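> My questions are about this predicted structure, shown below with the sequence.
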Amino acid sequence: MSTAAQVNGDIKNVELADLGKKRIEWANQSMKVLQIIRKEFIKNQPLKGIRISACLHVTAETANLAICLRDGGADVVLCASNPLSTQDDVAASLVRDQATQQPQGISTRAADRLRPFLRLFLKSDQI
């Protein structure tokens, strides 16, 4: 990978995406406030043109937040903060369904894999 633009996601197994999508949809049923915000975001696009980068636990709940931000017009980039808490099926669904540009399972021991995602986060070739 020579440029950040080529990076779409680093996931364990894309075949897990269907299960991940079901988990995301199940979690969404209990996130009523986020559903209301998402409907407004879809209509008004208040985050259009804004890049939101986050390093967090990738779970069905945080996936719903990322999808909401994306639907508000944001360019969302996620980096899993802990490979042990990352729900691989959820990460696969986010990448497959293009909800985010989603690297997964990054640690300091994988510096060669981290650099392209840092560029993507910062949108810079200077790293």
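Done, it's in. Residues are numbered from 1 along each chain as shown.

> So which helix or strand of the chain has the lowest pLDDT on average?
Least confident element among the helices and strands of the chain, by mean pLDDT, DSSP states H and E: strand 102-103 (a mean of 52).

> quick one: the helices in this protein?
17-28, 32-44, 60-71, 88-96, 111-122 (DSSP state H).

> got JSON lines for those, with mean pLDDT too?
JSON lines is the format used below for the helices of the chain (pLDDT from 0 to 100):
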{"stretch": "helix 17-28", "mean pLDDT": "96"}
{"stretch": "helix 32-44", "mean pLDDT": "97"}
{"stretch": "helix 60-71", "mean pLDDT": "94"}
{"stretch": "helix 88-96", "mean pLDDT": "89"}
{"stretch": "helix 111-122", "mean pLDDT": "67"}
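
> right, so of those helices, which gets closest to Ile50?
helix 60-71 (8.8 Å; Cβ to Cβ). Any C-beta I mention is one placed from the backbone N, CA and C, and that applies to glycine too.

> between the closest one and helix 17-28, how big is the angle?
Here helix 60-71 runs at an angle of 90 degrees relative to helix 17-28 (axes from the mean of the first three to the mean of the last three Cα atoms, to 10 degrees).

> What's the local residue count around the residue lying closest to Pro46 once chain neighbours are set aside?
Distances taken as Cβ to Cβ, 6 or more residues apart in numbering put Gly72 closest to Pro46, at 5.6 Å, once the chain neighbours are dropped. Per other Cβ atoms under 10 Å, the neighbour tally for Gly72 reads 21.

> Am I right that Gly72 is in contact with Lys39?
No. Applying Cβ atoms under 8 Å as the test, Gly72 and Lys39 come out as separate, 10.5 Å apart.

> can you tell me which residues contact the residue nearest to Pro46?
If you count contacts by Cβ atoms under 8 Å, 6 or more residues apart in numbering, Gly72 has them with Arg38, Phe41, Ile42, Asn44, Gln45, Pro46, Leu47, Lys48.
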